[in-house]
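Undergrad: Got a predicted model here, sequence first, then my questions.
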Amino acid sequence: METAMLLAVAYFLGSIPSGVWIGKIFFKKDIRDFGSKNTGTTNTFRVLGKKAGAIVFLMDLLKGTLATCLPMIFHLEINPLWFGLVAVIGHTLPIFAGFKGGKAVATSGGMLLGYSPQFFLYSLIFFIIILYITSMVSATSIIAAIFVTLSTIILPLTHTGILPNFNWLLTIICFALTCYIIYRHRENIIRIKNGTESRISFGLHKKSS
């Protein structure tokens with residue numbers, strides 16, 4: 001019963017529509033009516049600005065982290081990744097926003113942070129490098145998701161200590177989320193192929209502009 005209740009808490013945490021609430025409360029805007037109409041970090045940056053975008057990113061990240069830490073906080077003998085996954089599901093299908101949510105990237109990162117801070121930092125460094133090279137959040141999200149999934153298999157074999165042990169559940173969840181992230185970015189993929197995908201003012205694109 002306690003596990004079921006905490007899984008529900010994880011879902012409700014994930015369901016907090018940070019971008020929607022920040023936009024409505026502080027800017028009197030519903031970001032679902034602007035830009036890509038997505039509720040996540042990238043559209044928040046685009047519609048509400050850098051400060052709001054940074055706050056929404058942190059909120060979406062940390063709700064995944066907190067959910068993943070629930071079994072440790074309440075001393076449950078269960079893999080914390082289940083709670084992180086439920087939070088990601090809440091983020092993508094939020095009960096507080098008509099079951100239309102974000103693309104799972106930030107909250108998935110929060111799940112990794114709660115599970116293994118070293119692996120999160122490793123993944124974040126790679127994300128920043130790819131973002132610097134491409135200046136496209138969409139392409140970076142897809143590439144980073146694939147990289148993270150492969151890393152869950154490769155790192156335990158390298159004995160670096162970043163992921164000392166192979167965890168089949170981590171690999172399966174990362175693979176499933178990668179498939180979902182690619183699916184949610186299908187329109188972005190078309191724009192990337194056509195050379196029309198929007199870029200951010202960071203990295204090589206900024207230098208060449």
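TA: Now that the structure is in, tell me what you want to look at.

Undergrad: And the contacts of the helix or strand harbouring Phe45?
TA: Using DSSP states H and E, Phe45 sits within helix 41-48. With contact meaning Cβ atoms under 8 Å, 6 or more residues apart in numbering, helix 41-48 is reached by 18-19, 22-23, 27, 29, 31, 34-37, 52-53, 56-57, 60, 102, 105-106, 137-138, 200. Yep, even glycine has a C-beta here, placed from its N, CA and C like the rest.

Undergrad: just the buried members of these?
TA: Neighbour-count burial (16 or more other Cβ atoms under 10 Å) is assigned, among the contacts of helix 41-48, to 18-19, 22-23, 31, 36, 52-53, 56-57, 60, 102, 105-106, 137-138, 200.

Undergrad: Give the next helix or strand downstream of the helix holding Phe45.
TA: Downstream of helix 41-48 (by DSSP H and E), the next one is helix 50-73.

Undergrad: Gly114 against Leu61, yeah?
TA: No. In this structure, Gly114 is not within contact of Leu61 by Cβ atoms under 8 Å, at 9.9 Å.

Undergrad: low-scoring stretches of the protein, by residue?
TA: Applying pLDDT under 70 to the chain picks out residues 206-209.

Undergrad: How is it divided into domains?
TA: The chain resolves into domains spanning 1-112, 116-209 when parsed by automatic domain parsing.

Undergrad: Quick check: which of the ones you listed has the most neighbours on average?
TA: domain 1-112 (a mean of 20; mean count of other Cβ atoms under 10 Å).

Undergrad: What is the linear distance spanned by that domain between its boundary residues?
TA: Domain 1-112 has an end-to-end distance of 26 Å (Cα to Cα, to the nearest Å).

Undergrad: what's the offset of it from the middle of its chain?
TA: 8 Å (Cα atoms, centre = their mean, to the nearest Å).

Undergrad: now stretch 116-125
TA: With Cα atoms, centre = their mean, you get 13 Å for stretch 116-125.

Undergrad: neighbouring contacts of that stretch?
TA: Here stretch 116-125 has contacts from 109, 112-113, 144, 147-148, 151, 155, 161-163, using Cβ under 8 Å, 6+ apart.

Undergrad: make it 10 Å
TA: 61, 65, 68, 80, 108-114, 144-145, 147-148, 151-152, 155, 160-164, 167, 170, 174 (Cβ atoms under 10 Å, 6 or more residues apart in numbering).

Undergrad: can you tell me which of those residues are in helices?
TA: 61, 65, 68, 108-114, 144-145, 147-148, 151-152, 155, 170, 174 (DSSP state H).
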